[in-house]
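Chemist: fold the stuff below for me.
(one chain, ligands or ions: 1)
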Amino acid sequence: MSAEPIVHLNGEYLPIGQAKVSVLDRGFIYGDGVYEVIPVYGRKPFRMPHHLARLQRSLDGIRLANPHDDAQWSALVDALVARQPFDDQSVYLQVTRGVAKRDHAFPLGVAPTVFMMSSPLPTPTPEQVERGVAVVTAEDNRWHRCDLKTTSLLGNVLMRQLAVDADALETVMFRDGLLTEASASNVMVVRNGIVLAPPKDNFILPGITYDAAADFTRAAGFAFEIRPVTRAEALGADEMWLSSSTKEVLAVTTLDGRPFAGGRPGPVFKRVHATFQAGKR
Ligand SMILES: Cc1ncc(COP(=O)(O)O)c(C=O)c1O
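Modeler: From the prediction side, this is the model:
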């Protein structure tokens with residue numbers, strides 16, 4: 001096996017250093033593409049059908065034909081996973097509108113670019129799970145199609161950097177007084193033993209881990225209620241959680257530099273996190 005990771009580019013498997021796309025690729029020029037990140041535990045993709053359904057939804061949302069059916073995507077992911085020397089992986093795949101003369105209008109008769117790579121799955125550290133994580137808050141200034149998993153991520157990049165600048169993990173956002181999500185995670189809160197999550201409308205990404213967290217919350221015996229969450233409800237909540245494919249669920253214990261929710265992961269988090277760990281493989 002090559003020392004360099006093997007990636008997939010338009011049907012070929014090659015070392016990452018040899019994978020090249022044109023400077024005219026619309027992914028490069030416009031961020032005109034969509035992507036998925038699929039966690040793989042023990043070489044088995046977690047909730048693969050959900051990721052493929054969301055990929056289709058994102059492609060439909062940007063009016064780009066899906067280059068592969070679900071069986072083909074599964075085979076491609078399996079083939080990439082098999083080429084990596086580690087068992088728990090994070091598979092990244094992206095589809096762009098392909099290579100064409102620069103013009104905003106969709107090009108005709110152009111093949112999409114398909115790129116896939118896989119890295120070791122960066123699961124949360126025991127310290128992050130046991131002590132919780134820090135977030136900062138900001139007004140959500142992204143576009144109105146946050147439900148599409150597009151490669152145009154500048155809004156999210158700028159939000160994430162606010163967290164990095166403050167030595168925090170994430171930036172939790174509010175739009176018009178309502179909780180939306182974080183720069184690369186969904187956000188839910190716990191009030192009076194009930195988990196509250198914002199609806200999956202056009203202002204948040206429909207997270208696969210959000211759905212997993214809902215299932216594991218209910219499996220742990222708690223209610224998971226989907227409804228708008230106000231800033232006051234979020235900031236005064238008993239617990240706040242982040243969810244994403246690589247964070248699984250993490251408790252927020254520092255917010256804007258101050259201890260949040262007693263500064264320790266709460267009891268509902270602990271139960272749901274344990275249920276998640278037992279059920280994720
Ligand atoms: C903006 C945003 N929201 C939510 C999520 C969580 O989605 P998932 O649980 O599918 O990883 C992500 C994932 O990276 C994200 O980028």
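
Chemist: quick check, pLDDT for whatever residue of the stretch 1-150 of the chain ends up closest to the ligand.
Modeler: Closest residue of the stretch 1-150 of the chain to the ligand, C-beta to the nearest ligand atom: residue 37 (5.8 Å). Every residue, glycine included, has its C-beta placed from N, CA and C. The model reports residue 37 with a pLDDT of 98.

Chemist: and it, helix, strand or coil?
Modeler: With DSSP: H, G, I helix; E, B strand; the rest coil as the basis, residue 37 sits in strand.

Chemist: what does the protein have sitting close to the ligand?
Modeler: 37, 156, 181, 184-186, 205, 207-210, 243-245 (C-beta under 6 Å from any ligand atom).

Chemist: out of these, which is most surrounded?
Modeler: Neighbour counts for the residues of the chain next to the ligand (other C-beta atoms under 10 Å) peak at residue 181, which has 30 neighbours.

Chemist: so what's the backbone phi/psi at that one?
Modeler: phi -160, psi -170 (degrees, to the nearest 10).

Chemist: do residue 137 as well
Modeler: Dihedral angles (degrees, to the nearest 10) for residue 137: phi -120, psi 160.

Chemist: all helices for the stretch 101-250 of the chain, in order.
Modeler: 126-131, 154-165, 208-219, 231-235 (DSSP state H, counting those that start in this stretch).

Chemist: any idea which of those helices is most buried?
Modeler: helix 208-219 (a mean of 21; mean count of other C-beta atoms under 10 Å).

Chemist: now that helix: mean pLDDT?
Modeler: 97.

Chemist: what is it packed up against?
Modeler: With contacts taken as 3 or more C-beta pairs under 8 Å, 6 or more residues apart in numbering; DSSP states H and E, helix 208-219 sits against helix 48-61, strand 186-191, strand 194-197, strand 224-226, strand 239-244, strand 248-255, helix 267-279.

Chemist: next, the angle strand 239-244 makes with it.
Modeler: 130 degrees (axes from the mean of the first three to the mean of the last three C-alpha atoms, to 10 degrees).

Chemist: neighbouring contacts of helix 208-219?
Modeler: 46-47, 50-51, 54, 186, 188, 195, 197, 200, 223-224, 226, 241, 243-245, 247-249, 268, 272, 275-276, 279-280 (C-beta atoms under 8 Å, 6 or more residues apart in numbering).

Chemist: ok, of the residues you listed, which come out buried?
Modeler: 46-47, 50-51, 54, 186, 188, 195, 197, 200, 224, 241, 243-245, 247-249, 268, 272, 275-276 (16 or more other C-beta atoms under 10 Å).

Chemist: next secondary structure after the host helix or strand of residue 76?
Modeler: Following DSSP states H and E, one finds residue 76 within helix 70-82. Reading on from helix 70-82 to the C-terminus, the next helix or strand found by DSSP H and E is strand 89-96.
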